[in-house]
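J.: Here's a sequence, model it:
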Amino acid sequence: MTELRFLLLQFLLVTTNCENVGWKKYFAEETSEFHDIPLTWEDPTPVPDWLSGTYVRNGPAQISFGSERRVLTSWLDGFAKLHSFKFSGSQVLFSGKMLESPNYLASVAAGELQPMTTLNKFRTAEEEWTWWEKLTIMKMTLQMTAFDNNNPALWRIGQKNIEDGVYLAVTDAPVPTRFNISDLSTIGMMYPSSWPATISGCAHWMREVGTDNNAINFQRKKALTGLPYVEVQRYRPEDDYATPEVIATFVPKKLSTIHSFSITENYAVFFFYPVIIDGKRMFETGFHVFELLTWLENEQTDVFVVNLKTGNVTQFETKPTYSAHHANAYENGENELIVDISPTPYINLRDYLALENQLNPPEVSTGVFTTDEEEFERYTIDLANEKIKSEHFPNTIKNKFVNNFDFPTINEDYRGLPYCIVYGWSAMDYSRMALVKKNICDSTKDLVFYIEDHYSSEMHFLPSPTKTAEDDGVLVTIVFDGTKEKSYLLILDAKTLEPVNKAYLPHNIPWSAHGMHFPEANFQIGKENIKNKPKKQMKKLEL
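T.: Presented below is the predicted three-dimensional model:
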C-alpha cells in the first residue's frame, strides 16, 4: 500500500459519515430457545478439520418482561442468554437458551422485573423500588440472592470431562449459575461457604500455570469482627465451589472494583484501583450498583503480589488507573514481573452501556474510543527493589485501533508465560468496531480487521494441534452484519487476521462481552450437517 493510499484510508475512517446501519437491531432482545441447528458456511473454503469442542457465548438478551415499567436501562443489566457452537471439523451445531436464574424466572412469571439488585437505575423516579421492596432486596442480599444475573463470562471447575465438569456462568457476584454444557439448561445456583460472609467474587478465573485443571480466583470475605479481606483460592479437580483450597489472605486498604487479575508461574497479581462501590449508600440509592461507583481522589493503585507456592503477600503502589481486563503476565527472571493490561475509564461501567448512550452513536466520527485516551499498557514490577514502572507500546503501523482496545485474549498455552501476541476488540464512536492483533514483541506485525457496519466482539483463540507458533490457530468470534441485520459466526486465521469462513445464524446474538471454548465438550455430529454455500470469500478492509 502506498503512503498516500494509507493516509486516505485513515482520513476516510475518521472524517466520513457513518450511518450506523442496523445498529439498534444489534441490541434487540432475543429470548428464543433452539437446539443443535446445523450451520451453513458461506464459502467453499474449508475450515480446519481439527476444530472440536464447544464454544459458548454468554451475554445479555432480555431487558423487559411485558410491562412498560422497570425496563432495564443498561444493556449490561440484560438477563443472560447462552449460545453454544459444537464443533466437529467443518460441522457446527448452534444452540441458544436463556439462563434461568430465580430472579429471572420470577420476573417472567410476574410480567415485570421483580425486586433485585441491578447495575443502573431505572428511567424515572416513579419506577424505583419502594421502601418495602428495598427491605426485600436487603434481606435477599443477606441470603446472597439479590443478584443472580451471571451474564458476562463462563468457566469450568471440577473434572475435565462433560460428565463430571461443573460448567458455570459467572460474574463478579459470588453466586454463579451452573448449566448443562450439552443443552444449556440451568442446573442451579452455586453458593460459597456460608461463613465468613462472601461479599464478592471475580468473573475472570485463571487456569494455574503448569497444571491441566487447577483454577485460581479470589473472593472478598467479612467475618463478624475485623476488616473485609481477600481470600486467594485454588480450585483443584476434586474441590467443589464452596470448599476451595485457601492459598493466602490479605486486607486491602480499599475495596476496589476488580473484574480480573493476572497470573504467572509462581504469582497472582492483583491491582486494587482507586475505584470503589460505596456500599454504605446501597439502600438510599435503590440497590443500583453502578450508581455507587466512586473515584478516590489522591489515592494510588495498590498492587498485591501473592506467591502461589508459599502464600506470601507483597504490596506495592503505582499510579492511579483503572482496567477491567488484564491481558497476561509473566516472570522475567527471578525478581521481575511483567503485567499487561487494557486500561479504560472506570465510569464506562455505568455510562458506556447505558442504553440512552449505546443506542445513539454519532453519525460523524468524534474519534473517541471505548478506552478514551487510554492505551494498552505494560507494568514492570521489580520485586527486589519494590518498584513499579509502566510504559506503552509503539504504534508503528500508525493505525488508530492498534493500541486502543479492550477484551484482550491470548493463546492460553502462553498464559502466565512470556508471549508476544494479544488479540483485542476496539470500538470508536460506539459503532466503528475493529479486531486487533497486537504483537508486543514486534509492532511492525500489528494487524487490524475492520468492516463498516459490521459490529464485532471479543475473539477466542483455538490452537492448531501442530502448535508451530504462538499464532498457529484460528480465532472465533460473533459479528453482527448491520446491512443484513443478521449475526454470523466468524473464523479468522490467527496469523493473518484474514477471514477463513463465516456462517450466518438463524437467530441473532445481541451485543455480548465474553465467550469460552471448552475443548473437552465434544459431541457426535453426523456428516449430514456439513453445509457450504458457493460464495466469494469475505475480504477485510486494509487499514
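
J.: so is Ile181 in a helix, a strand, or just coil?
T.: Here Ile181 takes the coil state, with states given by DSSP: H, G, I helix; E, B strand; the rest coil.

J.: Contacts only, for it.
T.: Applying C-beta atoms under 8 Å, 6 or more residues apart in numbering, we find Ile181 in contact with 54, 56, 84, 162, 165, 167, 518, 521. (Each C-beta comes from the backbone N, C-alpha and C, glycine too.)

J.: what residues are up against Leu227?
T.: Per C-beta under 8 Å, 6+ apart, neighbours of Leu227: Val251.

J.: if we can go back for a sec, out of the contacts of Ile181, which one sits closest to Glu363?
T.: Closest approach between the contacts of Ile181 and Glu363, by C-beta to C-beta: Val56, at 35.1 Å.

J.: before we move on, which element is that closest one in?
T.: Here Val56 sits within strand 52-62, counting by DSSP states H and E.

J.: What strands line up against whichever helix or strand comes after that strand, and which way round?
T.: On the C-terminal side of strand 52-62, the closest following helix or strand by DSSP H and E is strand 79-88. Neighbouring strands of strand 79-88 in its sheet, by DSSP bridges, are strand 52-62 (antiparallel), strand 91-98 (antiparallel).

J.: Residues touching stretch 152-162, excluding its own?
T.: Under C-beta under 8 Å, 6+ apart, the answer for stretch 152-162 is 56, 58-59, 76, 164-171, 176, 181-182, 203-205, 212-213, 215, 235, 237, 239-241, 513-516, 518, 520-522.

J.: in that stretch, what counts as buried?
T.: Under the neighbour-count criterion of 16 or more other C-beta atoms under 10 Å, stretch 152-162 has 152-158, 162 buried.

J.: Can you give me the pLDDT of the closest residue to Gly89 other than its chain neighbours?
T.: Distances taken as C-beta to C-beta, 6 or more residues apart in numbering put Asp49 closest to Gly89, at 4.3 Å, once the chain neighbours are dropped. Listed pLDDT for Asp49 reads 95.

J.: how much space between Asp49 and Asp36?
T.: According to C-beta to C-beta, to the nearest Å, Asp49 and Asp36 sit 20 Å apart.

J.: Could you do Lys280 as well?
T.: From Lys280 to Asp36 the distance is 49 Å (C-beta to C-beta).

J.: Looking at the two, which one has more neighbours?
T.: Asp36 (15 against 8; other C-beta atoms under 10 Å).

J.: Surely the more buried one forms part of a strand?
T.: Yes: under three-state DSSP, Asp36 sits within a strand.

J.: unless I'm mixing things up, it is touching Phe94, no?
T.: Yes: if you go by C-beta atoms under 8 Å, Asp36 and Phe94 touch, sitting 7.5 Å apart.

J.: how about low-confidence regions in the stretch 1-150 of the chain?
T.: 1-18 (pLDDT under 70).

J.: try 50
T.: Along the stretch 1-150 of the chain, the parts satisfying pLDDT under 50 run over 1-12, 14-15.

J.: Between the two ends of stretch 172-186, what distance do you get?
T.: Chord length of stretch 172-186, first to last residue, is 19 Å (C-alpha to C-alpha, to the nearest Å).

J.: ok, back up a step: mind checking the SS state of the residue nearest to Gly89?
T.: coil.

J.: I'd say it and Gln91 touch.
T.: No: here Asp49 does not reach Gln91: they are 9.9 Å apart, not a contact under C-beta under 8 Å.

J.: Pick out whichever of the two has more residues nearby.
T.: Set Asp49 next to Gln91 and count neighbours by other C-beta under 10 Å: Gln91 wins out with 20 against 10.

J.: Specify the beta-bridge partners of the more buried one.
T.: Bridge pairing for Gln91 (DSSP bridges) gives the partners Ser88.

J.: and the gap between it and Ile381?
T.: 46 Å.

J.: just Thr466 next, same as before
T.: Thr466 is 34 Å from Ile381, where distance means C-beta to C-beta.

J.: Name the residue in these two with the higher neighbour count.
T.: Ile381 (24 against 9).

J.: List the neighbouring strands of the helix or strand harbouring that one plus their orientation.
T.: Using DSSP H and E, Ile381 falls within strand 377-382. Strand 377-382 has its sheet partners listed here by DSSP bridges as strand 336-343 (antiparallel), strand 387-392 (antiparallel).

J.: Can you say which of those strands is nearest to Ala28?
T.: strand 336-343 (28.1 Å).

J.: Only the buried residues of the closest one, if you could.
T.: 337-343.

J.: distance between it and the chain's centre?
T.: The chain centre lies 18 Å from the centre of strand 336-343; the measure is C-alpha atoms, centre = their mean, to the nearest Å.

J.: just use 746 as the starting number from now, easier for me
T.: I'll keep to 746 as the first residue from here, and by that count the last item is strand 1081-1088.

J.: what does whatever helix or strand comes next after that strand contact?
T.: For strand 1081-1088, the succeeding helix or strand toward the C-terminus, using DSSP H and E, is helix 1093-1096. By C-beta under 8 Å, 6+ apart, the residues outside helix 1093-1096 that reach it are 819, 821, 864-865, 1002, 1035-1036, 1038, 1069, 1102, 1115.

J.: quick check, nearest of those residues to Lys769?
T.: Asn1102 (12.9 Å).

J.: What is the three-state secondary structure of the closest one?
T.: helix.

J.: Could you count how many residues lie near the residue nearest to it when sequence neighbours are not counted?
T.: For Asn1102, ignoring the flanking residues on the chain, the nearest one in space by C-beta to C-beta, 6+ apart is Asp1096 at 6.1 Å. Number of residues near Asp1096 (other C-beta under 10 Å) recorded here: 16.

J.: can you pull the pLDDT of Asp1096?
T.: 91.

J.: I'd like to know how far it sits from Thr1039.
T.: 14 Å.

J.: before we move on, what about Asn1011?
T.: Counting by C-beta to C-beta, the gap from Asn1011 to Thr1039 is 34 Å.

J.: swap in Arg979?
T.: Distance, Arg979 to Thr1039, using C-beta to C-beta: 32 Å.

J.: Those two: which is more packed in?
T.: For Arg979 versus Thr1039, neighbours defined as other C-beta under 10 Å are more numerous around Arg979 (18 against 13).

J.: bridging residues for that one?
T.: Following DSSP bridges, Arg979 is listed with bridge partners Ile961, Glu990.

J.: so can I have TSV of the strands paired with strand 1122-1127 showing mean pLDDT?
T.: Formatted as TSV, the strands paired with strand 1122-1127 follow (pLDDT from 0 to 100):
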stretch	mean pLDDT
strand 1081-1088	98
strand 1132-1137	97
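
J.: where do the strands sit along the stretch 1046-1195 of the chain?
T.: Under the criterion DSSP state E, counting those that start in this stretch, the stretch 1046-1195 of the chain contains strands at 1046-1052, 1058-1063, 1068-1076, 1081-1088, 1122-1127, 1132-1137, 1151-1154, 1166-1173, 1177-1184, 1192-1195.

J.: Which of those strands sits closest to Phe1006?
T.: The closest of these to Phe1006 is strand 1068-1076. By C-beta to C-beta, the value is 6.0 Å.

J.: Show residues contacting the closest one.
T.: Strand 1068-1076 has contacts (C-beta under 8 Å, 6+ apart) with 949, 1004-1012, 1014, 1016, 1018, 1082-1089, 1094, 1121, 1151-1153, 1155, 1159-1164, 1167.
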